[in-house]
Structures are given as structure tokens and as C-alpha cells.
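Visitor: Whatever this is, show me its structure:
(chains A, B and C)
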Amino acid sequence: MIPADSAIQFDRNGKLKHFLTISGLPRAVLTGMLDTAESFAGFGQREIKKVPLLRGKTMVNLFFEPSTRTRTTFEIAGKRLSADVINLNAARLSTSKGESIIDTARTLEAMHTDLFVVRDSASGAAHLIAAHLPDHVRVINAGDGRHAHPTQAMLDMFTIRRVKGGIKGLKVAIIGDVLHSRVARSQIQALNTLGAEQIRVVGPRTLIPTEIETMGVAATSDMREGLRGVDVVIMLRLQRERMDGQLVPSEQEYFNRYGLTGDKLRYADRDAVVMHPGPINRGLEIASDVADGSRSVILQQVTCGIAVRMAVMATLMGGSEERP
Amino acid sequence: MYDSRQLAAIIEKMAGQINARQLPAPLLVGIHTGGAWLAEQLHPRLDSAPPLGTLDISFYRDDFSRVGLNPEVKASSLPVAVDNRDIILVDDVLHTGRTVRAGLNEIFSYGRPERVCLAVLIERPGRELPIQADIVGQSLQLAGHEEAKLTRDGGRLALNIIDLGKSAP
Amino acid sequence: MTAGLVIQGGRVIDPANAIDAVRDVYISRGKIAGIGRKPKAFGAAQRIDAAGLLVLPGLIDLCARLREAGEAPLDSETRAAAGGGITRMVCPPDTTPVIDTPAMVRMIQSRAGAGGFARIHPLGALTAGLGGERLTDMALLMDAGCVGLSNGLRAVENTLVMRRAMQYASTYDLPVFVTPRDPWLHGNGVVHEGEISTRLGLPAIPEAAETVGVARDLALMETSGARAHFHLLSSARAVEMLAEAKARGLPVTASVAVHHLHLNETHIGAFDARYKVFPPLRTARDQRALVRGVEDGIISAICSDHQPHGADAKLAPFAEAAPGIAGLETLLPLTMRLVDDGALPLPTAVAALTANPAAIIGIDAGHLGVGAAADLCLFDPRREWTPGADTLLSSGKNTPWCGQPLRGKVTLTLVGGKAAYRDPASGG
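Guide: Numbering: from 1, shown residues only, chains lettered A, B, ... in the order given. Coordinates of the predicted model:
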């Protein structure tokens, strides 16, 4: 059965129309996207880095929460598919008069937008927009609150698949601020769907959400136990503004226990790779020599971002027109 | 309709026609999937031993918004730059011309070739674009409801004519 | 001979008087004149056929918000209450402006009284402006008509102030309505802390936000002698704590919102803001424990926790959407569904809507004893209807039961012997 938070992503014929969460997506949909991304991956080398798939389509990057990096990747991906791309860094009233988020989307839709890429600081914002726009409009979630960041998770899967040859049977550790991480939630769902053997989340109890086990992971607060024999180490960003003594006593203590250093990395498999969704806080969640070291695939993650987002867009937009 | 032996003879004839052109900087490119099979069979028969590439034109098709992306989409692979090359573009069947149009667009997104010539195994009526082949294996007078389909089984090619029925356009 | 009204052939359920039988109800001069036996000198000017219907005391809803007290007439909500069989409703003090002066109490009552629908019994603020610092003029609030005191959903953070408020309220034997909530643990949470908050990434409210509140205020009432009413419980653990307090003989009562007896966190599904309520919907286990708490009498009252909102209020990301369900008109059918499901005995369910809440606020109502005000409703247990914009009288259509067929509907409500609601489809 498709979970309620996923059902809205499919059209009547069971085809994917929105990309809001990894939750409830069948493995074939995810692998299809990754395969498509693989074929887009070489595009950066071409003289003309464009294909005409989305020619004549309008895509709006609707970012209620600023993020230059993610927005730029979506913008490049859209342009490489020949879409007309409009960037909107919108501010909105974060109050009970929050209907403005729907109003904004509806106004833009009235200007014949075909695809929205939405980022917002509130969990569920992309679902809300998808639920209130006409049928032909597509919505991609570029990060909503703590809930989901499915394209980031897909590019992480893409990177893992490239360096490890596949996801099936891997042991993966996700380390740090899981509580506030939309990336971690989407990664956990993607890794489980793609057949990872074991997923562990590691961090102090204040940063691990309750009942995280129900998402299909094992939780531990011990780095040695969490890292033992893993093939992939995913470090999460720890926002410095959380370092106010409420959740973690100090940067020093956090780095001592959970910062990824060369020493701690030795607990992992010999061939383990290190990932991070960026931007990195050097010396807080990861030591510089590990971030820049031979096991790090952090820069590869960035490179893959465009191809994966092109694949997501192509998957949603293809076949979207009803036959006359 | 044509078994592998008959096809081999046709392919041999096509290779002869390509060789006769004496292209100075040839690059053999097969359009995925049938064209790529055909290019593979042509390749050892060509005198100049040109580099061999394949093209998946899925991203350039004009029916994307109607039918969506081919789930089996493969990356195009061109072993050398196309600039100043004499490209021999190979496809199995020339019908409406739309596939070749997409192929040309894709080639030009890689750069500026010196020339492109088109080699097809089967040429049939039904053109919707002003495109014609330079090298033709066989012309077939197929009706609108018939389709020529190239298949491969363990490296042996076969060509069959399928009747799609009267309902098809 | 006085001209009166007789309701004939209905099944009268009056838990306070231990009646569950088919009886005729005689009404004269706005009061119950007789049950089953025709009073002397009674001339029926009007007869109502109630065959196949339940005849219940008018419901007393311990928690109904009427939107901004300073705005538009309250008629739409008092009429909606009558449409749900409710003849008296208790209104929390967290209106704008706050009900913390006798003048505000009188203003609300006068504005509600004009319509002739359900009566309003305001709760007075426990602290001035609900600020949690200074005590209100509790005795004067009582004189003006307040039936109890409450700080709404805002906890009195300062424990000493809370203790003194309880002590002072006990001077006048006023019940203190507590919605147990530790403000720090509640924080900016919007859903129960558990599987759903984790999966949807929504700020969470731990169970401890409620149990810490219950523990603190139980300790305070025990040493202050106050009569405390624990309002809108949401967790199994809180029910256990109250059971234990009751067993020790503390004068404590508790209530629950009817939606907590039917829903749990999983109903939130894909950020469905219709299910956003405070306190939050918790687990299925909590839901079952609350139903059992009603059955066992630990929780003696079921209320609507009615909060009407316009359509826009829920059109926002979950965390920003307004909390609350419009519940006046579904209170009785949803409670009766628990009876149909075998979860509650009929007299328990009816008592939780009538005599028990009357006892909590200390008024002589919620029963059909001879001489009592003729506040009652007729309920057709077989009538199917669907709550929706066209059927709900409340200004708020924000209910998860919108569009879902319900069984059982009020067909007539009398307030002081006068029809406050008559179902248009029932003729009667």
C-alpha cells in the first residue's frame, strides 16, 4: 500500500507526477531515475550542453528559504533541458495567515508555469503546494523543513552507486544531527528501498529523533559501534546555530565524540567512502584532512547534482501531455 | 523476411558503397538500438577502420511530452570529437525521418562535423521531413500499417515485417 | 389547566435519575413537569411524536470556543450548538479580549443570550490576561457568572503563582480547569513525539509535556485543597496518573475531547492540517486508553473542544496551520458511535455529555428531573447524514468528518422548553 504522504505523487495511471518524498516510491522508479541520470552525466563535456526535452516549458524555482547552491543546480539542470527557468527568492509571512504560500504558487501557475521547484522552511510545504495546483503542474521538493530533500538523497544514491557499484548489501552510517535533517530522512528511505543491508544513525541522543527505528535504521550514540565495517559514511551538517548549549554542550565536545577524523574512520571498512551534503563545517563535524582525503567523494556529489536533477525533471515531465 | 545471411549480403553491399566514398576522416555512428547493431556489422567491413560510436536520441525526440522518456535510455558514446569529421550516421529503417532529425540535432550538440552521410538498411515510404539516405541497403514498399523491425539474437540479425493491423495509423 | 408540551413515545435516557425507558415527557412553563406520568392540571397544547427517537437531557459541552468574543454575534455558534443537541456550553477565557473581568463575563453572556439558542457559561481567567503573574478577581468573576477558572492553553509557568491561584480559587470552591501542559516541553511542537513526528519531520510534543503538567498540578491541588478539573487529556499515562489520584481520594475530575477518542497521530497522513489539534493526537494506544478512561469513569466528561475556523486557517504548512476542529454538531453522533461500537455503555456515554459535566461546573442541569429547566434534545439514532458546508450550522467547517457519513442526528433541541433547533428534514 502506498503511504498517505506518497499517494499524491502519482497520477491516476500510477505514473510519477510530483517528486516530494522518497517515501512510498517503488525501487524501479528510483533505479529508473538513477539510470536516466547516468545518461545525462556526460552532458557537461558537450559543446552544446542542452537537450530540447523541456523546450517551451516554464520552470519556477520557488525558494522561500535561501539556498544558492541547490537553486543553482536546479537552474542549470532546467536550462540544460531547454526549459525557461525563473528564479524567485520569495519571502512569506510565517504566521497563521500563511495562505500566502498557496497564493504565490497559484499566481505563478496562472502565468503558465509547468514545473515548480519548491523549498521552504516548513515541513509539508511542497505537499501543500502540490495539493492546491491544477493537475498538469508538476512539483519538485527541493527541501521542506525537516521532512524531505529527495533530490539530494537521489544524488547521494547516484554517487554511492558510482563508487560502490550498487546500493544492495551496503552498510551505511549516517552521522550527526538527524533530528533536524531532511536529507537524512530521505536518504534513509532511499537506502532502504534500494536494498542497503544496514543503516545506522549515530549521534548524541538529543540529535536522534524518537522512534527513528520505525524508519528502518539502527540508532547508536557510539561512533565505534556505528562505523564498524560500514561501506559508506554520510556526515550531516550541524548548524552552528544549534551549538548554543541546548542540544550539544559545545563544538569541542561534539567534535571529540562525533567529528569524523582519520582515527575514527579506521573503524569503517577499508574501502569506505565519506560523503557530506554540504556545506561543510570543517573541524566541527569533519576534520579537514578527511573531507579532502582520498576516501572523500564530497566533490563528486556536487558534480552529480545536475545530472540527477535533470533526470528527476525528465521523469516527471515526460508523457505529461494528455493525448488529444 | 530477411534472415541473417540475406542481411549479411545487403550489409556487404552497403560497406562497399561507404568504402567507395573514400571519406578522409570517417566516424561511424549507429543510432541506438538497431542502427548500433548495424554499425557494428558494418565496422569490420570498412577499409578505413573508423572509430565507432553510438547515439541514443531519446533526449532529442519530439514526442517526449506525449510518450515520456524511454526507460531504457542509454548514454550516447562518441569516442572522438565530431569536429571536422565525416560522419556516417547509421540507422536500421528510414521511415518518417524524425529519428534521423533527432540524431542530427544530437550530433550538432557535440560540435561541427565536416559532413554527415546517412546509411540505412531499409528505406520505406512515409517521410514527414525532407530527409533522404545516401546509402540504402534495400527499399521496401511497405503500407502504413506495416512495420519493418530489426531484431538480434546472439549476434545474428533478422528483419521482420509486422502487420500492425488496420487500426494503426 | 396550563397549556404544555408533551413528547410522546421516545426512549428517555436520563442517567442522573437512572431512567432508560420509553416514557412521555411533559413540559410546562419551560420546565419538566413530569416523566411518564401526566401531571395534574396539564393540558397538552402541543404533542411531539418521538417514537424511535432518544430523548436526552440537553448536552453540556465543557469546552467550546466561539471565535473572537469581540467580533460578530455569537449566534452562529450557539445555534450550531443547539443543532448538536447542546444546550449549555462552557467557553474558555482565552478569547480576545481575555475573560478576566466581570464586565467581559456579562458582555459575553448578554451577546449569547439574545439568540435563544444554547446558553454560555464562561470560565474566568485564572491569571490577569492569562499572563501567569497576577490573580484575577475570582470572587467577582464568580458573581458575574463564571462557573470555573482556567488559564486556557497557556500554562501558568510560575509554580508559586499556580499554587496561590489554586488556593485562592478553593476559597470560593471554584473549580480550576487545567489543560496540563509543560510550556517548555511543548515548545513549538505541533504533533505527538513519535513515529509520525519523526517521519514527517514536524516539531514534536512529547507525552511528558502533558504528564509533567498533570504531576505538577496534582501535587499543587493536593496541598492547596483546590478542586481541579483536568481538561482535554491526550495520553494513556495521564489517565493512569489521574486514576491513581482519584484512588487516593483527591477531588479531581477529567475530560477528553471527542476527537481524541476517535483519532490518533496516524490520521495526519500527508500533513493533513484538519487533524492538527492541541493537545495533539497521540498513538493508537493512547486513543484506546482514553476510551477506557471514559468507560472506567476516570474521565467523566466528553467535550467537543469546538474551534471554528475559516477555510484559510488550515491552508498553510502543517506547523503554521491553525489548530482545532469544529465539533459542536458531531459531538453527540461521535459519542454514540462509541456506544454502537461497544466501547461505551449507553448510560456512561450520555452521562459524560450531561449530568457529569453539570456536576463539574456545579450547576443544576444535565438531567430531566421534575422541576428542572426543559433543556433536552431528541436524537434519531438511525438517521444518516454527512457533515459538510451545506449541513453544518457552525461558521467553521473545519472537521475531519466533513464529507464522511455519520449515523445519528439531533432532530429537535429545546432550551427552556422552547425549540432552539428543529431539523429541517424531520418535519416534527
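Visitor: starting at the chain centroid, how far to stretch C:121-130?
Guide: Chain-centre distance of stretch C:121-130: 17 Å, with C-alpha atoms, centre = their mean, to the nearest Å.
Visitor: My error: substitute stretch C:52-71 in the last question.
Guide: 7 Å.
Visitor: buried set for it?
Guide: Within stretch C:52-71, the residues scored as buried using 16 or more other C-beta atoms under 10 Å in any protein chain shown are C:53-67, C:69. Yep, even glycine has a C-beta here, placed from its N, CA and C like the rest.
Visitor: Quick one: mean pLDDT for it?
Guide: In this model, stretch C:52-71 carries a mean pLDDT of 86.
Visitor: Just the helices from the stretch 201-324 of chain A, written as ranges.
Guide: With DSSP state H, counting those that start in this stretch, the ranges of helices along the stretch 201-324 of chain A come out as A:223-227, A:251-258, A:262-265, A:288-291, A:298-317.
Visitor: quick one: contacts of the second one?
Guide: The list of residues contacting helix A:251-258 from outside it, by C-beta atoms under 8 Å, 6 or more residues apart in numbering or on different chains, reads A:175-176, A:202-204, A:223, A:238, A:240, A:243, A:248, A:283-285.
Visitor: thinking again about what came up before, so of the helices of the stretch 201-324 of chain A, which one's packed in deepest?
Guide: Highest mean neighbour count among the helices of the stretch 201-324 of chain A (mean count of other C-beta atoms under 10 Å in any protein chain shown): helix A:298-317, with a mean of 23.
Visitor: Any residue of that one touching chain B?
Guide: Yes: Helix A:298-317 lies within reach of chain B by C-beta under 8 Å from any C-beta of the partner chain, at A:314-315, A:317.
Visitor: Nearest to C:Val214 among these?
Guide: If you rank the residues of helix A:298-317 next to chain B by distance to C:Val214 using C-beta to C-beta, A:Thr315 comes first, at 50.6 Å.
Visitor: contacting residues for the closest one?
Guide: Contact analysis of A:Thr315 by C-beta under 8 Å, 6+ apart lists A:16, A:19, A:29, A:32-33, A:36, B:69.
Visitor: ok, now A:Ala105?
Guide: Contacts for A:Ala105 (C-beta under 8 Å, 6+ apart) come out as A:62, A:116, A:118, A:129, A:132-133.
Visitor: Next step: these restricted to helices.
Guide: Counting by DSSP state H, the part of the contacts of A:Ala105 found in helices is A:Ile129.
Visitor: out of the contacts of A:Ala105, who's nearest chain C?
Guide: A:His132 (7.4 Å; C-beta to the nearest C-beta).
Visitor: So what's the residue count around the residue lying closest to that closest one once chain neighbours are set aside?
Guide: What sits nearest to A:His132 in space, not counting adjacent residues and going by C-beta to C-beta, 6 or more residues apart in numbering or on different chains, is A:Ile102, at 4.9 Å. For A:Ile102, the neighbour count with other C-beta atoms under 10 Å in any protein chain shown is 19.
Visitor: Could you do A:His136 as well?
Guide: A:His136: 12 surrounding residues under other C-beta under 10 Å.
Visitor: My guess is it contacts A:Asp114. True?
Guide: Yes: using C-beta atoms under 8 Å, A:His136 is in contact with A:Asp114, at 7.3 Å.
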